[in-house]
Every structure is written in C-alpha cells, then in structure tokens.
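*Asks:* Sequence plus the predicted model coming up.
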Amino acid sequence: MKIDGKDFRTIWLGDDGWSVEIIDQTKLPHRFETTRLTTVEEAGRAILTMQVRGAPLIGATAAFGMALAMRADPSDASLEHSIEFLAKQRPTAVNLRWALNEMRKTLAPLSPAEREAAAYKRAVDNCDEDVETCRRIGEHGLEIIQNIASGKAPGEPVNILTHCNAGWIACVDWGTATSPIYQAHNLGINVHVWVDETRPRNQGAALTAYELGAHGVPHSIIVDNAGGHLMQHGQVDLCIVGTDRVSANGDVANKIGTYLKALAAHDNDVPFFVALPYTTIDWELDDGMKIPIEERGQDEVLAMTGRLEDGSVVTVDIAAPGSSAANPAFDVTPARLVTAFITERGVVAADATALKEMYEEAV
Ligand code: MRU
C-alpha cells in the first residue's frame, strides 16, 4: 500500500541484502519512521515492544529474525536457542509459532553452511505468500461487501465496523480485515468504516485510521463503547475483524473488546465476520478458552501518549494517582457468535467440521 504516494510493505530486506527494515509502529500516527534490525535480539525486541505487531507481521518478523540469527551463528544450538527466544516474545498470536516451525522445518535438515541463505529465502518467500494470502482474503470478502452494496440505495455507503488494526500494517500488505475494504473501495463501492479506537494502545485510532486515511477510505473513529449503540440504530451493516489465533473448534482470540462487539452484533442481527489466513489456525487447541492471553503492563492503561500542537509527542497520566490497573490484551469470541470466517480459500462457517473440510491437508 502507499504512504505519501510511495509503495511500502511493513517489512523488507535492506539494500545491503541482509539487514531487515521495518516501519516502527510505535511512532505512528505522529511520525512515519523506518528502523533497521541487524540481530535476532533486535528482531525479538521489535516484536516485544510492538514496533511490529499484528499476528501475520509478528510471524514475518520472527522468520527474518531467524535469518539474522543464522547469519551470526548457523549452529544447531543457535537454531534452537533463537527459536526459543523469539517464540516467547508474545504469547497469543499463533502465527509466531507457525513461522518458527516453518523455519525449523526448512533449516534443521541443512548443514550449518547452507542455513543462512535458506533462512533469508524462506523469510522473503513467507512475506510474498502473506501478501498473496491477504489479497485472496480480500477477494472473498469483497463478494460479501458487494452483496450488501447491491441492496443499498444509490450513494448510500456500506458501513463496516472493525476493531484494533487488522490492516496492511498488521500484515505485510493488504491486511486481513481491511483487504476486502480496500478492494471494494478500489472498485468504487461506497464504503465507510467505523474504526474502534481500541484502548489501551489505540491501534484503531492510531493505525487503522492512519492506513485507511492514507488510502483515501472514508472512515470515522469511534470510542470502543459506541459500537453497540451504532448497531442498535442500524448504522453498521457488518463487522469484520482480524484474529491472533483461531482454535480448531472456531473460537477466535483477538484484541480485547472484540468479544463485546460480537455480542452486540449478535443481539442486533449484524453479521460478524472474522478474516484470517491459514497461519492463524491452531489445530492443536480444541477450545478457545485454552488460548494463552497476553497480560500487558498497567502503564498502557494508566497513561496515554499524544501529540501537542507544536508537534512534540508526550505521555501523560490519565488515572487517579495510586490506582492500579489490569490489562488483558486479548479476549476470546466463541464460534457461535461468528457469522463466518473469510479465509484465503473462501468464506467458511466458524465450526470444527467446516474448518477441517476446508483445510483437510493441515489437520
Ligand atoms: O496487540 P496487537 O496490536 O498485536 O493485536 C493485533 C490484533 O489483535 C489483530 O486484530 C490481529 O493480530 C490480526 S492482524 C491481521
């Protein structure tokens, strides 16, 4: 996608052919900055500190982290140690484990001398695959938006609510939840997006709004608590969210607050879609309640960062002094509240049987 008219992905190989460039998401939306990763430790830190975030991008960064590790030391011990180190940076998005398993499958059978080149190739291929997967998710989601648009009066927008950032900034390009939206917008379909601000880190207000704005997609930021009200008043045609992990029975872990949106959607007969690549399905878990939920620091709840008129970025305390806070970063939406999954293979019911039929070879 484009930033100021220039094509970007979220992660790419540097001009030197070995270092890894990322967009530093902790600086958005106030500043667009890229940063260079040169070691596996820096890749791990980028994941932990959320310079990169979003399930597919976490996986893509881990794959490049393995390439950097193999460049420094391609031994068996380094391979296993690096996988273990990267895997523990964030617990919920299963794409991280998926990417590291892929790297192990590729690298373990090779001699140490062959590993560096193979790791870079797999990391780059992984990015290309992710772009194509997200593009196809968009094609399938587009049909859903087209159907709704065909029932609208001329000029009336299709109103789509999304939570957190499951956009191109969370993947390598296109996004999962946003891919159908971009494809509809590119075809001239009148779409308007309700962007949940997504406290406490504001991925909606900071990132989704940023990327939709850069692409010219009409949108409005809403506070996280506004969605139910808008649904009650017929102002949401459908919800599309992303996910960090789907258990084999179709339960969905996603950014905290997703469950409440799904409940409100269910109560108001608003279709609730979850867009995902196959790399987000955890076939080893049969129940979403077993998905590990990341607990983040209380500072994210008790303080907020923003831009002053002079352009400087500051963090301020917003809570009563002395109060503590809890900060679960994800929740689980039961499959029964999900209308369907939008995957790269098509739209599929959120249940164990349908998922297994669609991904027969993976189970
Ligand atoms: O904590 P984050 O910002 O990494 O959480 C991101 C989300 O919850 C996304 O919705 C999810 O990873 C899907 S990204 C396509």
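*Replies:* Looks like it came in fine. Numbering: from 1, shown residues only.

*Asks:* Next up, the contacts around the residue most central in space within the chain.
*Replies:* In the chain, the residue lying closest to the centroid (C-alpha atoms, centre = their mean) is Gly54, at 3.2 Å. Residues in contact with Gly54 (C-beta atoms under 8 Å, 6 or more residues apart in numbering) are 93, 165-167, 169-171, 242. In this view, the C-beta of every residue, glycine as well, is placed from N, C-alpha and C.

*Asks:* Format these as TSV; extra columns: distance to the ligand.
*Replies:* Putting these into TSV (distance: C-beta to the nearest ligand atom, whole Å) gives the following:
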residue	distance to the ligand
Ala93	6
Asn165	6
Ala166	4
Gly167	7
Ile169	9
Ala170	4
Cys171	5
Gly242	3
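
*Asks:* In CSV: those residues, plus secondary structure, distance to Thr343 and neighbour count.
*Replies:* Shown next, in CSV, are the contacts of Gly54 (DSSP: H, G, I helix; E, B strand; the rest coil; distance: C-beta to C-beta, whole Å; neighbours: other C-beta atoms under 10 Å):
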residue, secondary structure, distance to Thr343, neighbour count
Ala93, coil, 17, 28
Asn165, coil, 19, 33
Ala166, coil, 13, 32
Gly167, coil, 17, 34
Ile169, helix, 20, 28
Ala170, helix, 16, 29
Cys171, coil, 14, 32
Gly242, coil, 12, 29
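
*Asks:* pLDDT added to the residues you listed, as JSON lines?
*Replies:* Shown next, in JSON lines, are those (pLDDT from 0 to 100):
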{"residue": "Ala93", "pLDDT": "97"}
{"residue": "Asn165", "pLDDT": "98"}
{"residue": "Ala166", "pLDDT": "98"}
{"residue": "Gly167", "pLDDT": "98"}
{"residue": "Ile169", "pLDDT": "97"}
{"residue": "Ala170", "pLDDT": "98"}
{"residue": "Cys171", "pLDDT": "98"}
{"residue": "Gly242", "pLDDT": "98"}
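
*Asks:* Phi, psi for Ala46 please.
*Replies:* phi -60, psi -40 (degrees, to the nearest 10).

*Asks:* how about the helices in this structure?
*Replies:* 40-48, 55-72, 76-87, 95-107, 112-150, 178-186, 203, 209-215, 227-232, 258-267, 299-302, 352-358 (DSSP state H).

*Asks:* Determine which of these approaches the ligand most closely.
*Replies:* With C-beta to the nearest ligand atom as the criterion, the ligand lies closest to helix 55-72 of the helices of the chain, at 3.6 Å.

*Asks:* Tell me the pLDDT of the spatially closest residue to Ser82 that is not a sequence neighbour.
*Replies:* In space, and not counting its chain neighbours, Ser82 is closest to Ala69: 3.8 Å by C-beta to C-beta, 6 or more residues apart in numbering. The model reports Ala69 with a pLDDT of 98.

*Asks:* same check, this time on Ala184
*Replies:* At Ala184, pLDDT is 98.

*Asks:* same check, this time on His163
*Replies:* 98.

*Asks:* Next, the contact list for the closest residue to the ligand within the stretch 251-363 of the chain, please.
*Replies:* Nearest to the ligand, among the residues of the stretch 251-363 of the chain, is Lys255, at 3.4 Å (C-beta to the nearest ligand atom). Neighbouring residues of Lys255 by C-beta under 8 Å, 6+ apart: 163-164, 198, 203, 241, 244, 329-331.

*Asks:* measure it to Glu102 for me?
*Replies:* 25 Å (C-beta to C-beta, to the nearest Å).

*Asks:* Repeat that for Asn165.
*Replies:* According to C-beta to C-beta, Asn165 and Glu102 sit 24 Å apart.

*Asks:* Next: Arg296.
*Replies:* Distance from Arg296 to Glu102, by C-beta to C-beta: 27 Å.

*Asks:* Give the residue from these two that has the larger number of neighbours.
*Replies:* Per other C-beta atoms under 10 Å, whichever of Arg296 and Glu102 has more neighbours is Glu102, with 20 against 17.

*Asks:* wouldn't that one be in contact with Ala60 here?
*Replies:* No - using C-beta atoms under 8 Å, Glu102 is not in contact with Ala60, being 11.0 Å away.

*Asks:* Find residues that contact each of the two.
*Replies:* Counting by C-beta under 8 Å, 6+ apart, the residues touching both Glu102 and Ala60 are Asn126.

*Asks:* before we move on, the earlier item: I'd like to know how far the residue nearest to the centre of the chain sits from His192.
*Replies:* For Gly54, the distance to His192 - C-beta to C-beta - is 23 Å.

*Asks:* One more: His229?
*Replies:* In terms of C-beta to C-beta, His229 sits 16 Å off from His192.

*Asks:* Comparing the two, which residue is more hemmed in?
*Replies:* Between His229 and His192, counting by other C-beta under 10 Å, His192 is the more crowded of the two (18 against 12).

*Asks:* Which residues are in contact with Lys27?
*Replies:* With contact taken as C-beta under 8 Å, 6+ apart, Lys27 is in contact with Glu33.
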